[in-house]
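1. quick check, what structure comes out for this input:
(chains A, B, C and D, ligands or ions: 4)
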2 protein chains.
Amino acid sequence: MDIEKSFREKGVRLTHQRRVLIDTLRDAHRAMTAQELYKEASMAWPHINFSTIYRNIETLKSVGLICEMTDGTGNTLFAYRDEEEHHHHLVCKNCGKTISFDFCPLIELKQVLDETGFMPTGHRFEVYGYCKECRKDRL
Amino acid sequence: MDIEKSFREKGVRLTHQRRVLIDTLRDAHRAMTAQELYKEASMAWPHINFSTIYRNIETLKSVGLICEMTDGTGNTLFAYRDEEEHHHHLVCKNCGKTISFDFCPLIELKQVLDETGFMPTGHRFEVYGYCKECRKDRL
DNA sequence: CCTCCAGTTGCAAATTATTTGCATCTACAC
DNA sequence: GTGTAGATGCAAATAATTTGCAACTGGAGG
Ligand SMILES: [Mn+2]
Ligand SMILES: [Mn+2]
Ligand SMILES: [Zn+2]
Ligand SMILES: [Zn+2]
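-> Ligands and ions are numbered 1, 2, ... in the order given. Below you'll find the model as predicted:
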């Protein structure tokens, strides 16, 4: 489905800067930090500002156009989401390439690792939410 | 096994500051940010410095005494590791309490969620390592 | 015990990452 | 076209993390 429509539906404007960010991430085919995104996007739109990057990372996440992930060393990365449903990622510590797979934890990774040839050196699996007590507090 | 021994084995000194950090995290029974850790530790050792916190987070991770995790909103948290083998966490977005469980992804979470009463609102599962190409590059 | 020195700390300052206020601008509904 | 709520640029504030360096100290060895 088209981007313009999903933006309109959410009451979010499709500005030139946002198009630049989306294109930059889509064409890069890799995950990058906010800093890298700024640098890359600057080429297509020289006056783009860092606050625009950060503000739009939130916007694009909420529209579902980008994914956020970490690189395993404390850096936050962003990547184009490309119509995918809920999924997870293999993040290369060396080149930053991300390989997404569409099943949620719980299922053996062996097949994905074999298929992709990815060699895992570490991983992270976290569930966020509310514990039994806090769950009550919020009602 | 005792801490003193594992420190000695790694050629790492067991300083008063490190004892304070370990005690602080162990007694807290929750995960906390570097800033919170600094604040808490300062009570037991007033002159402790932020650079000592950050430098020792690395040290204590390498000795296996603490775990690093994120709270799902971009903050990095640290918790006492307490003899546990490889495991994962449920991190409460409200109180910061962490509930660790000892099986690695791949297995249904249903049982843990039922047992703990934890209500998930999101999760993260990431595998770090080297992709097929980069794997070759490193040999 | 005492000595000695590599490892560690405190401090201050540098970096890096992220957020915010505000005046100006612009996408787009009408 | 016009009006306006939402978005941007800019500059400055905050927050988070790292570093250089001189002073200090844990603990191995005598
Ligand atoms: Mn998932
Ligand atoms: Mn695991
Ligand atoms: Zn790679
Ligand atoms: Zn809780």
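
2. so what touches the helix or strand hosting A:Q17?
-> Mapping A:Q17 onto the secondary structure by DSSP states H and E places it in helix A:16-28. Applying C-beta atoms under 8 Å, 6 or more residues apart in numbering or on different chains, the set of residues contacting helix A:16-28 from outside is A:3, A:32, A:37, A:40-41, A:44-45, A:48, A:52-53, A:56, A:59-60, A:65-66, A:78-80, A:82. Any C-beta I mention is one placed from the backbone N, CA and C, and that applies to glycine too.

3. ok, stretch A:48-55 next?
-> With C-beta under 8 Å, 6+ apart as the test, stretch A:48-55 has contacts from A:Q17, A:V20, A:L21, A:A34, A:L37, A:Y38, A:A41, A:S42.

4. for those residues, which one is nearest ligand 4?
-> Nearest to ligand 4, judged by C-beta to the ion, of those is A:A34 at 29.6 Å.

5. the closest one contacts A:T76, correct?
-> Yes - under the criterion of C-beta atoms under 8 Å, A:A34 is in contact with A:T76, at a separation of 7.3 Å.

6. can you give the domain ranges for chain A?
-> Here chain A is described, according to automatic domain parsing, as comprising the domains A:3-80, A:88-137.

7. the longest one: how far from the chain's middle?
-> Here domain A:3-80 shows a centroid-to-chain-centroid distance of 9 Å under the convention C-alpha atoms, centre = their mean, to the nearest Å.

8. tell me the secondary structure at the spatially most central residue of chain A.
-> Averaging the C-alpha coordinates of chain A gives a centre point, and the residue nearest to it by C-alpha atoms, centre = their mean is A:C67 (1.6 Å). With DSSP: H, G, I helix; E, B strand; the rest coil as the basis, the three-state label of A:C67 is strand.

9. do a quick rundown of the helices in chain A.
-> A:3-10, A:16-28, A:34-44, A:50-63, A:110-116, A:132-137 (DSSP state H).

10. can I get the ones you listed in TSV including distance to B:F118, mean neighbour count and mean pLDDT?
-> Written out in TSV, the entries for the helices of chain A read as follows (distance: least, C-beta to C-beta, whole Å; neighbours: other C-beta atoms under 10 Å in any protein chain shown; pLDDT from 0 to 100):
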stretch	distance to B:F118	mean neighbour count	mean pLDDT
helix A:3-10	30	12	83
helix A:16-28	33	18	95
helix A:34-44	31	16	94
helix A:50-63	24	15	94
helix A:110-116	26	13	70
helix A:132-137	7	13	71
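
11. turn those helices into TSV, columns for distance to DNA strand C.
-> Converted to TSV, the helices of chain A look like this (distance: least, C-beta to the nearest atom of the strand, whole Å):
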stretch	distance to DNA strand C
helix A:3-10	5
helix A:16-28	5
helix A:34-44	4
helix A:50-63	3
helix A:110-116	28
helix A:132-137	23
